[in-house]
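A.B. asks: Give the three-dimensional model of this entry:
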Amino acid sequence: MKIIYGILFAVVYTVVYAFLAILSTGGGHGNFILLLPLLTWAFNFVALVLLTRLESQMIRIFFVVMMLAYYIIK
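C.D. replies: Numbering: from 1, shown residues only. Below you'll find the predicted structure:
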């Protein structure tokens, strides 16, 4: 049940964040730079799909380590 509350919070937070980001750009007249963090959902989805498609457990671990290394360096 705790996981469902976490997911629900993330979805509500994303919707409110997107609304406020669009509102801050003048209701659609701007560069939408504040909407870039919403791409995190897409990146997480792609990573999840890649992890489920990989066959070898060693390759899965390597993929996760490479992602972590990228975010630590960045």
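
A.B. asks: Buried residues, the helix or strand harbouring residue 59. List them.
C.D. replies: In this structure, residue 59 sits in helix 57-73 according to DSSP states H and E. By neighbour count on 16 or more other CB atoms under 10 Å, the buried set for helix 57-73 is empty. C-beta: built from backbone N, CA, C; applies to glycine.

A.B. asks: now that helix, how far from the chain's geometric center?
C.D. replies: Here helix 57-73 is found 16 Å from its chain centre; the criterion is CA atoms, centre = their mean, to the nearest Å.

A.B. asks: what packs against that helix?
C.D. replies: Counting contacts by 3 or more CB pairs under 8 Å, 6 or more residues apart in numbering; DSSP states H and E, helix 57-73 packs against helix 39-53.

A.B. asks: Go ahead and produce PDB holding the CA coordinates of the helix it packs on.
C.D. replies: This file holds the C-alpha atoms of helix 39-53, laid out as PDB (Å, rounded to 0.1, in the frame of the first residue of the first chain):
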ATOM      1  CA  LEU A  39      11.700  14.000 -19.200                       C
ATOM      2  CA  THR A  40      12.900  12.100 -16.200                       C
ATOM      3  CA  TRP A  41       9.700  10.000 -16.500                       C
ATOM      4  CA  ALA A  42      10.700   9.100 -20.100                       C
ATOM      5  CA  PHE A  43      14.300   8.300 -19.200                       C
ATOM      6  CA  ASN A  44      13.200   6.000 -16.300                       C
ATOM      7  CA  PHE A  45      10.700   4.300 -18.600                       C
ATOM      8  CA  VAL A  46      13.400   3.600 -21.200                       C
ATOM      9  CA  ALA A  47      15.800   2.300 -18.500                       C
ATOM     10  CA  LEU A  48      13.100   0.000 -17.200                       C
ATOM     11  CA  VAL A  49      12.300  -1.300 -20.600                       C
ATOM     12  CA  LEU A  50      16.000  -1.900 -21.300                       C
ATOM     13  CA  LEU A  51      16.500  -3.700 -18.000                       C
ATOM     14  CA  THR A  52      13.600  -6.000 -18.700                       C
ATOM     15  CA  ARG A  53      14.800  -6.900 -22.200                       C
END
